[in-house]
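J.: Attaching a predicted model along with its sequence, questions to come.
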Amino acid sequence: AIEMPALFEERFGRAPYLEEIRIDGKAAQTVRVRVSEGWSVYLDAEQDIRGQLLNAEVVLRTKVGADRPQLDYIDVRFGEKVFFKLR
């Protein structure tokens, strides 16, 4: 969690900016990052965070695109299987 702001800014720049970091789950394995645009990214704390943020950025750019204002979350906890939900 300490490195998350720098890793997030490295991948996304300053927009959107990181608003909140939460650690969820019994084993504290899920990291939920909420951004200034209102959507969240779910990450696996035990996996490569930098790689997961890259996956989130790719999905945001290639799949979500113009629907970004309706984005609820991007879930990158499952390797190459990336999920996202629109509101």
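T.: Arrived safely. Note that this is a predicted model, so its numbers are computed, not measured. Numbering: from 1, shown residues only.
J.: drop to CA atoms for contacts and neighbour counts, all remaining ones
T.: Fine.
J.: Return the set of buried residues in the longest helix along the chain.
T.: For the chain, the helix that runs over the most residues, judged by DSSP state H, is helix 49-59. Judged by neighbour count (16 or more other C-alpha atoms under 10 Å), helix 49-59 contains these buried residues: Ile49, Gln52, Leu53, Leu54, Asn55, Ala56, Glu57, Val59.
J.: Ok, stretch 20-31 next?
T.: Quick answer for stretch 20-31 (16+ other C-alpha under 10 Å): Ile21, Ile23, Thr30, Val31.
J.: tell me what the longest helix of the chain is packed against?
T.: In terms of contacts (3 or more C-alpha pairs under 8 Å, 6 or more residues apart in numbering; DSSP states H and E), helix 49-59 is packed against helix 4-12, strand 40-44, strand 71-78, strand 81-86.
J.: how about a cut-off of 7 Å?
T.: Using 3 or more C-alpha pairs under 7 Å, 6 or more residues apart in numbering; DSSP states H and E, the elements in contact with helix 49-59 are helix 4-12, strand 71-78.
J.: Quick check: phi and psi on the residue of the chain most remote from its centre?
T.: In terms of distance from the mean C-alpha position of the chain, Lys26 ranks first, at 19.9 Å (C-alpha atoms, centre = their mean). For Lys26, the backbone dihedrals (degrees, to the nearest 10) come out as phi -60, psi -40.
J.: Tell me the pLDDT of it.
T.: Per-residue pLDDT puts Lys26 at 70.
J.: Max pairwise distance over the buried residues of stretch 20-31: which two?
T.: Ile21 and Thr30 (10.4 Å; C-alpha to C-alpha).
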